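Participant: Quick check, what structure comes out for this input:
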Amino acid sequence: MKPAIAAGHPLTASVAYEVMKDGGNAIDAAVAAFFMSFLTEPCMSSAGGGSFANIFTKNGEVYFLDFFCQTPRRKRPSDLASCIPVDLDFGGTTERYYVGHGSSAVPGAIAGAFALHERFGTMPMKELVQPLITAANEGVLVNAFQNYEFRLLQPIIEKSADGRALFFDGPDVLTVGEKLSMPRLADFMDYCCREGTDAFYKGEVAEKLVRAHTEHGGHITKKDLENYEPIFRKPFRIPYKKWAVLCNPFPAIGGAFLGLFLKHLEAQSNADVPYGKEYLSQLYDALVYLMPFRENKNMLLAEMGRLWPQHLFMGREQLWNSKRGSTTHFNVVDKWGNAVSLTTSIGEGAGYFLEGTDIQMNNMLGELALLPNGLNSWKENCRLSSMMTPTVVLDDQGALIMVTGSAGGSRIPTAIGQVIWNILEYDLDVNAAVNGSRAFLGADVFDIEYGLGEAGLQLNIKEKLNVWERNAMFFGGTHTLFRKGNEWSAAGDLRRDGVAIFDK
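Facilitator: Take a look at the predicted model:
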């Protein structure tokens, strides 16, 4: 088989391809691509963020690595924690987030990348980091999606001198075609090659982070950094007709919602054609079915236990997240059959940068959707939950046939589910399945993309119908790989300027 990649930026994808062309496996390629995303997708990916990776090996083994953010061991009183409100305008809706030192949880990005490499990698780490070092020094041209993110998040990234130096040209954010450089990130990653995870979690850099939190109302301490551990978990396995869908287990919540969504679709007879009235009606019914579980954790746990009693549900106290967030995703498969699906996020970013590194920290503790009892209500020393759920799909022989995942906050599980449904049930090619119109049901609005507009007008629904004029990033970014026979095809989600590389 030939390798394939689907990612959110051309350089993220091309670095993965070059690593595999040089003899590296999918895990090597994923590590290199992940590091490159710190530069190419800096409002979504950072050494100051958290991630999940779904790994399928050529031997048919599946591993799920949780290197998402961990809450600090002790929290400051609310009146001493620095959490600054920021309202972001998403176009038609405004949402409030909190930034500042008090909004940051303990990052897992660096620890997880090194854990992946140590367990599955074959190439020297220096070779996997070098493309980022070179590009960060030389700079990368800003594209339209990066510029959109800079404008959207301007109220956050303009709060610090580091943010203004990196992402602004005078009073305005960098425009399309201008260069984004991160030379101090290059220096830090070179240091990482020599020191390993200690470069972030111990020593001088860690001391700077702890000192900043001590002085500016943060929660992270030396022990928090020293004790952070990536966790290999058993993936949540969803039987779906003759296939098996493997995704994120608890305490993350995305896999649970993906499982419930597919389970409801499985029980229905398929519509004759995709994107028609019957298709949208079935999709609407599945989205309605999910609504009570989004509002009631106990109902969710009861339904999960009824459908899949064999699964051990851990970390239930943190099962909540409907964040919008800044997230990115990519997939890699190599010629031997190894594959990685990886999703990462920094929330919206905390608006401050780790001194001397160009690394923006996450604001996961400033995400009200993660905190159902309000700001500063997080439980100490535990993994935060997430809707992110990098996913792999196996056929009835246990062979890998699909690698997918998405950005998009609360829309992640249903965005992934719609792509899986389109490919497996309607035999759409991967590009049509990924870039065809989607739907999402909110509390009182049924959002559909324009390709479903005619079908939507024929439905009798109680919610307001909102037909988007074009496919939009609101509906996720489901970069996807799919195999037919011995050939992989790939599609990047155009909603987020996704790209694909595969040999036809």
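Participant: Report the secondary structure state of L209.
Facilitator: Three-state call for L209 (DSSP: H, G, I helix; E, B strand; the rest coil): helix.
Participant: what residues are up against the closest residue to it other than its chain neighbours?
Facilitator: Nearest non-adjacent residue to L209, counting by Cβ to Cβ, 6 or more residues apart in numbering: L354, 5.6 Å away. (Each C-beta comes from the backbone N, C-alpha and C, glycine too.) Contacts were defined as Cβ atoms under 8 Å, 6 or more residues apart in numbering; by that measure L354 touches A47, G48, V205, K208, L209, A212, Q360, M361.
Participant: Ok, R496 next?
Facilitator: Contacts of R496 by Cβ under 8 Å, 6+ apart are G8, F145, T328, A407, M473, G477.
Participant: How far does stretch 445-458 sit from its chain's centre?
Facilitator: 26 Å (Cα atoms, centre = their mean, to the nearest Å).
Participant: So for it, first residue to last residue, what's the gap.
Facilitator: The first and last residues of stretch 445-458 sit 16 Å apart, counting by Cα to Cα, to the nearest Å.
Participant: buried ones in that stretch?
Facilitator: Burial within stretch 445-458, assessed by neighbour count using 16 or more other Cβ atoms under 10 Å, is assigned to F446, D447, I448, E449, G451, L452, A455, G456.
Participant: export those to CSV and tack on distance to D79, secondary structure and pLDDT?
Facilitator: Shown next, in CSV, are the buried residues of stretch 445-458 (distance: Cβ to Cβ, whole Å; DSSP: H, G, I helix; E, B strand; the rest coil; pLDDT from 0 to 100):
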residue, distance to D79, secondary structure, pLDDT
F446, 42, strand, 96
D447, 39, strand, 95
I448, 45, strand, 96
E449, 45, coil, 96
G451, 50, helix, 94
L452, 48, helix, 95
A455, 52, helix, 94
G456, 48, helix, 94
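Participant: Switch those residues over to a markdown table; also include distance to M304.
Facilitator: Compiled in a markdown table, the buried residues of stretch 445-458 are given as follows (distance: Cβ to Cβ, whole Å):
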| residue | distance to M304 |
| --- | --- |
| F446 | 25 |
| D447 | 26 |
| I448 | 28 |
| E449 | 29 |
| G451 | 32 |
| L452 | 29 |
| A455 | 31 |
| G456 | 30 |
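Participant: Touching whatever helix or strand V86 lives in from outside, list them.
Facilitator: Using DSSP states H and E, V86 maps to strand 84-89. Strand 84-89 is contacted by residues 94-100, 103, 152-153, 155-156, 159, 348, 351 when judged by Cβ under 8 Å, 6+ apart.
Participant: I501 is in contact with A490, correct?
Facilitator: Yes: with contact defined as Cβ atoms under 8 Å, A490 reaches I501; the gap is 6.8 Å.
Participant: what residues do those two have in common as contacts?
Facilitator: With Cβ under 8 Å, 6+ apart as the test, A490 and I501 both reach A4, I5, A6.
Participant: My read is that the second one contacts A339, right?
Facilitator: No: under the criterion of Cβ under 8 Å, I5 lies out of contact with A339, with a separation of 10.5 Å.
Participant: Give me the common contacts of these two.
Facilitator: Contacts common to I5 and A339, judged by Cβ under 8 Å, 6+ apart, are N331, V332, V333, L481.
Participant: Poorly predicted segments of this protein, please.
Facilitator: 91-93, 310-325, 370, 372 (pLDDT under 70).
Participant: Ends of stretch 58-76, what's the gap?
Facilitator: 47 Å.
Participant: list the buried ones in it?
Facilitator: 62-72, 75-76.
Participant: In a markdown table, list these along with distance to K126 and secondary structure.
Facilitator: What follows is the buried residues of stretch 58-76, written out as a markdown table (distance: Cβ to Cβ, whole Å; DSSP: H, G, I helix; E, B strand; the rest coil):
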| residue | distance to K126 | secondary structure |
| --- | --- | --- |
| V62 | 29 | strand |
| Y63 | 24 | strand |
| F64 | 27 | strand |
| L65 | 22 | strand |
| D66 | 26 | strand |
| F67 | 21 | strand |
| F68 | 27 | coil |
| C69 | 27 | coil |
| Q70 | 28 | strand |
| T71 | 33 | coil |
| P72 | 32 | coil |
| K75 | 38 | coil |
| R76 | 39 | coil |
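Participant: Identify the residues contacting Y201.
Facilitator: Y201 neighbours (Cβ under 8 Å, 6+ apart): I110, A111, L225, E226, Y228.
Participant: where's the nearest residue to the first one once chain neighbours are set aside relative to M364, distance?
Facilitator: Spatially, and ignoring its direct neighbours in sequence, I110 is nearest to F200 (4.4 Å; Cβ to Cβ, 6+ apart). Using Cβ to Cβ, to the nearest Å, one obtains 17 Å as the distance from F200 to M364.
Participant: Repeat that for L283.
Facilitator: As judged by Cβ to Cβ, L283 and M364 stand 31 Å apart.
Participant: the strands in the stretch 251-400 of the chain, which residues?
Facilitator: Counting by DSSP state E, counting those that start in this stretch, one finds strands in the stretch 251-400 of the chain at the ranges 327-333, 339-345, 353-354, 359-360, 391-394, 400-404.
Participant: Nearest to C192 among the ones you listed would be which one?
Facilitator: Relative to C192, the nearest member of the strands of the stretch 251-400 of the chain by Cβ to Cβ is strand 359-360, separated by 11.0 Å.
Participant: ok now the closest one, how far from the chain's centre?
Facilitator: 17 Å.
Participant: for stretch 450-465, same thing?
Facilitator: So, by Cα atoms, centre = their mean, the centroid of stretch 450-465 is 29 Å from its chain's centroid.
Participant: and the most centrally placed residue in the chain, what does it touch?
Facilitator: Among the residues of the chain, the one closest to the centroid is T343, at 3.3 Å (Cα atoms, centre = their mean). Listed by Cβ under 8 Å, 6+ apart, the contact partners of T343 are S51, F52, T327, T328, H329, M388, T389, P390, G405, S406, A407.
Participant: most surrounded residue in those residues?
Facilitator: H329 (37 neighbours; other Cβ atoms under 10 Å).
Participant: who does it bridge with?
Facilitator: Counting by DSSP bridges, H329 forms beta bridges with T343.
Participant: Good, we can wrap up now.
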